[in-house]
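*Asks:* I need the structure of the sequence given here:
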Amino acid sequence: MARRPFGIAFLPLAAALLGLAAPAVSADHETARFGLCSGPGRVTCVVDGDTFWYRGDKIRIADINAPEVSHPGCAREATVGARATGRLVALLNRGPFSLEPYRRDRDRYGRLLRTVTRDGASVAEALVREGLAEVWKGRRGDWCA
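*Replies:* Got it, this is the predicted structure:
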């Protein structure tokens with residue numbers, strides 16, 4: 001059995017006796033450095049505001065719909081889509097996150113369906129609050145209306 005150094009073993013007890021809060025321990029364990037996807041070799045990168053590659057798996061954020069960037073229907077969709085894509089890169093790079101299962105494992109395109117959370121809160125909610133995505137309604141919304 002491995003032995004811990006004396007000081008490390010008693011840090012939580014010492015903190016409690018001194019009335020100090022124990023450091024928060026996050027359950028989030030996924031982490032990577034994301035950039036924008038380009039070219040055919042996609043491993044860990046962001047496609048658009050609701051789709052990214054992580055460790056070779058293509059993941060669709062299940063609880064939102066973001067504007068299309070590859071085939072936008074209008075200039076507004078292209079602009080908001082580019083902003084959503086950049087924001088998702090920033091959100092994923094902010095720190096550890098979790099990928100939570102959704103009702104179905106995959107969508108009709110074979111992408112994994114997951115919600116992305118950090119400290120128990122949906123990362124996608126930030127995109128919705130900022131007007132860069134909408135809550136998923138079972139179909140794509142119209143960003144050009």
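
*Asks:* residues contacting the nearest residue to residue 35 once chain neighbours are set aside?
*Replies:* In space, and not counting its chain neighbours, residue 35 is closest to residue 45: 5.4 Å by C-beta to C-beta, 6 or more residues apart in numbering. From N, CA and C alone the C-beta is placed, and that goes for glycine too. By C-beta atoms under 8 Å, 6 or more residues apart in numbering, residue 45 lies in contact with 34, 35, 36, 37, 38, 52, 53.

*Asks:* So which residue is dead centre in this structure?
*Replies:* Closest to where the C-alpha atoms of the chain average out (C-alpha atoms, centre = their mean) is residue 116, at 4.2 Å.

*Asks:* count of residues packed around the nearest residue to that one once chain neighbours are set aside?
*Replies:* Spatial nearest neighbour of residue 116, excluding adjacent residues (C-beta to C-beta, 6+ apart): residue 123 at 4.2 Å. For residue 123, the number of neighbouring residues by other C-beta atoms under 10 Å comes to 20.

*Asks:* How about residue 131?
*Replies:* As a burial measure, residue 131 scores 10 neighbours (other C-beta under 10 Å).

*Asks:* Look up the closest residue to it, ignoring the ones flanking it.
*Replies:* Distances taken as C-beta to C-beta, 6+ apart place residue 80 nearest to residue 131, at 7.4 Å, with adjacent residues excluded.

*Asks:* now do residue 29
*Replies:* Closest to residue 29 by C-beta to C-beta, 6+ apart is residue 96, at 6.1 Å.

*Asks:* Tell me who's in contact with that neighbour.
*Replies:* For residue 96, the contact set (C-beta under 8 Å, 6+ apart) comprises 26, 28, 29, 30, 31, 118.

*Asks:* let's go with 7 Å and repeat that
*Replies:* Contacts of residue 96 were listed using C-beta atoms under 7 Å, 6 or more residues apart in numbering, and they are 26, 28, 29, 30, 31.
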